[in-house]
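# need a structure here:
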Amino acid sequence: MVKEIVVQTRRLARAQVQLARTELRADARTEAKVAGGLGIAAVGAVITVTLLLVTAAFALALVMPGWAAGLIVSGVVALAAGIVAGLSWHRRIRKPLQHSRQEMQQNIRIARERFA
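This is a model prediction of the structure:
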C-alpha cells in the first residue's frame, strides 16, 4: 500500500512538473507577444509624433500661434499611443501558471482527504 502511494505520488509530481512546463511556455509566448506589441506601439508613437507634429503644426500655425498648434497635435498623438499601450497591457497574463496552481491545490486537497 505504501509502495503504491509512493509510486502514485511520483507520477503525480511528474505530471505536475510537465503541466507547469507546458503552461510556462504558453505564458512566455503570450508575454513575448505583449512585449512585442508594446514595442511596436512605442516605435509607432515616436514616428507618428515626429511626422504629425511637423505636418500638423505647420498646418495649424496658419490659423493660430505655432506653439498652440504643436500642443494640440502632441495631445492627439499621445492619446492614440496611450490607447495602443493600454490595449496591449490589458492582454498581459495576470496569474501565471494558473492551471498548475489549481491542479496542485486540488491534488493536495485529495491527498489530505485520503490520509486524514
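
# CA only for contacts and neighbour counts going forward, please
Fine.

# May I see the buried residues of the helix or strand hosting R101?
Element membership for R101, per DSSP states H and E: helix 98-115. Residues 100, 104, 107 are the ones in helix 98-115 that count as buried (16 or more other Cα atoms under 10 Å).

# What confidence value was assigned to A28?
Note on A28: pLDDT of 88.

# That one: neighbour count?
Neighbour count of A28, defined by other Cα atoms under 10 Å: 14.

# In this protein, which residue is most central in space?
In the chain, the centroid-proximal residue (Cα atoms, centre = their mean) is R92; its distance is 2.0 Å.

# quick one: secondary structure of that residue?
For R92, the assignment made with DSSP: H, G, I helix; E, B strand; the rest coil gives coil.

# Contacts for stretch 60-78, please.
Identification of contacts with stretch 60-78 by Cα atoms under 8 Å, 6 or more residues apart in numbering yields 45, 48-49, 52-53, 56-58.

# for this protein, what are the low-confidence residue spans?
Along the chain, the parts satisfying pLDDT under 70 run over 1, 116.

# In it, where's the longest helix?
In the chain, assigned by DSSP state H, the helix with the most residues is helix 2-60.

# Check the gap between A111 and G75 for me.
To G75, A111 is 59 Å away according to Cα to Cα, to the nearest Å.

# Next: Q16.
Q16 is 50 Å from G75, by Cα to Cα.
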